[in-house]
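**Student:** build the 3D model from these lines:
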Amino acid sequence: MNANIPALGAEVPRRGNWITDGLSALAFRLSGWRFAGTFPNVPKMVVIVAPHTSNWDFFIGLMAMFGMGMRGTFLGKHTLFRWPIGIVMRWLGGVPVIRSSSHNVVDQTVAYFRTRERMVLALSPEGTRKKLPAWKTGFYYVAKGAGVPIVPVSFDFPQRLITVYAPVMPTDDKDADFRLLESHFEARMAKHPGQY
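**Tutor:** The predicted structure follows:
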């Protein structure tokens, strides 16, 4: 099966070599997952991935990242970065954050964007695997504060399809921006649909 792994533009942060490229291509063929759409050729972006109902989402995301040769970044609770697993988490692109009331994760992340020449931050707009009445807004304010586009990406488990949609630049109309972003996920199928 052709995975249609999208080629990345020269501005997108890259990682990997012929070994990881080959292993990732093999993983896509064996798993049956495939891509639709392409990423914008920009050095910085916030990628929102939904739906998020299973820990499998993380591994599918890693497979996709390595398959494309993209250097992605994700946020994780600081407790996940203790030795020895912290070494692996950082190598995969993880950045520890402290999610307490005395630390503003949005401000931390915007500041981190400003220290990097290139950065693709991938996260779930839901922020949890539990069913929520609405998305959290942190990703939106990170993108707005950093001045970067938001790229919606959906995981459709029954079809084993990863779809990359057109980027959205945050405007001064958050409600309209959210309606546009959420519209891409109306037909999505989660790993555990009952949780969504």
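**Student:** show me where this structure dips below the pLDDT cut-off.
**Tutor:** 1-3, 52-53, 99-103, 127-133, 186-196 (pLDDT under 70).
**Student:** the helices in it, which residues?
**Tutor:** 18-31, 56-68, 85-92, 105-114, 138-146, 174-183 (DSSP state H).
**Student:** out of those, the one nearest Gly37 is which?
**Tutor:** helix 56-68 (11.7 Å; C-beta to C-beta). For every residue, glycine as well, the C-beta is placed using N, CA and C.
**Student:** list the buried residues in that closest one.
**Tutor:** Neighbour-count burial for helix 56-68, counted by 16 or more other C-beta atoms under 10 Å, picks out 57-58, 60-68.
**Student:** mind putting those residues into a markdown table with distance to Pro167?
**Tutor:** Below are the buried residues of helix 56-68 laid out as a markdown table (distance: C-beta to C-beta, whole Å):
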| residue | distance to Pro167 |
| --- | --- |
| Asp57 | 21 |
| Phe58 | 23 |
| Ile60 | 21 |
| Gly61 | 18 |
| Leu62 | 22 |
| Met63 | 22 |
| Ala64 | 17 |
| Met65 | 17 |
| Phe66 | 22 |
| Gly67 | 20 |
| Met68 | 16 |
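**Student:** centroid-nearest residue for the protein?
**Tutor:** For the chain, the residue nearest the mean C-alpha position is Ala122 (2.5 Å; C-alpha atoms, centre = their mean).
**Student:** Provide a list of residues in contact with it.
**Tutor:** Counting by C-beta atoms under 8 Å, 6 or more residues apart in numbering, Ala122 touches 47-49, 61, 65, 72-74, 153.
**Student:** hey, what's it bridged with?
**Tutor:** Legend: beta-bridge partners of Ala122 under DSSP bridges are Val47.
**Student:** pull the number of nearby residues for Ile85.
**Tutor:** Ile85: 11 surrounding residues under other C-beta atoms under 10 Å.
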